[in-house]
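Enquirer: With the sequence up front, the predicted model follows.
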Amino acid sequence: MIGHRRRITSIRMPMLSVLAGSLLLAGCATSGQGVHTDANPDAVDAYTQLGVAYLERDNLPRALNALDRALELNPRHAEALQALALVYQQQGESELANRYFQQALDAEPSFTRARNNYAAFLYQQAEFSKACEQLEMASQDAQYANRAQLFTNLGQCYLAIDELDKARERLQRAQSIDPRNPRGYLMLAELEVSQGNYDQAWAPLQNYLQLAGPDPAALEMAIDVALARGDDAAAADYQRLLNN
């Protein structure tokens, strides 16, 4: 039997829905102003949507222009505030990004998408414990559309601070919410392999390969796990797949 201890590497946590469909981004604004009494909510949303369209095209100057107008009309518009944070994050302005994420959540504490994006920002800054805290709060929103991905991110976050029991529990929760989400299976398999739990790693690894298809890294892990379990036939099958 071949011993195998695979080192879990930190994968940068993707920002869920940062530029997808319903997410609204925002541009520059000055905080501390009140909402204009004649502000048109439709106009605020329209400027925000326009800014999103520009941001999706990486046209940051025009994005900031349009989104600045949105925040001039309503400086506490949570969608716009978190969008401004995302713009600053993209520009490498970490302090400003952190400030505006906090302002967005202060304006709307139940804004789960913003909280998840803030967690992704904190993770990117290697503020792993703070990222986990934000994700734990976000995970309480049972209506959040991407909840399975959120729990997967939370599992990864706990892996980064070596809270393995919590990581395992959150990854298993992700599977129960969406059994067809492959990423969580791979991370759970890596966690179990890192602890020498080859039998426990086998099922999630098989699920990952079935859902995501064979990729070289997963096949190499499958070969090692099969050998560690004494299953030479399975190891040979995966070796053939890898060779092909």
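Expert: Cool, the structure landed.
Enquirer: What ranges in this structure fall below the confidence cut-off?
Expert: 1-39 (pLDDT under 70).
Enquirer: And the strands in it?
Expert: Assigned by DSSP state E, the strands in the chain number zero.
Enquirer: now the helices for it?
Expert: Along the chain, counting by DSSP state H, helices occupy 41-56, 60-73, 78-91, 94-107, 112-124, 128-138, 147-160, 164-177, 182-194, 198-212, 216-228, 232-243.
Enquirer: need those in JSON lines with mean neighbour count, can you?
Expert: For every residue, glycine as well, the C-beta is placed using N, CA and C. Below are the helices of the chain laid out as JSON lines (neighbours: other CB atoms under 10 Å):
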{"stretch": "helix 41-56", "mean neighbour count": "19"}
{"stretch": "helix 60-73", "mean neighbour count": "21"}
{"stretch": "helix 78-91", "mean neighbour count": "25"}
{"stretch": "helix 94-107", "mean neighbour count": "19"}
{"stretch": "helix 112-124", "mean neighbour count": "25"}
{"stretch": "helix 128-138", "mean neighbour count": "21"}
{"stretch": "helix 147-160", "mean neighbour count": "25"}
{"stretch": "helix 164-177", "mean neighbour count": "18"}
{"stretch": "helix 182-194", "mean neighbour count": "23"}
{"stretch": "helix 198-212", "mean neighbour count": "18"}
{"stretch": "helix 216-228", "mean neighbour count": "19"}
{"stretch": "helix 232-243", "mean neighbour count": "14"}
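Enquirer: quick one: contacts for Lys130?
Expert: Counting by CB atoms under 8 Å, 6 or more residues apart in numbering, Lys130 touches Leu122.
Enquirer: Skipping adjacent residues, who's closest to Glu136 in space?
Expert: Leu154 (6.8 Å; CB to CB, 6 or more residues apart in numbering).
Enquirer: same check, this time on Leu50
Expert: Ala66 (4.2 Å).
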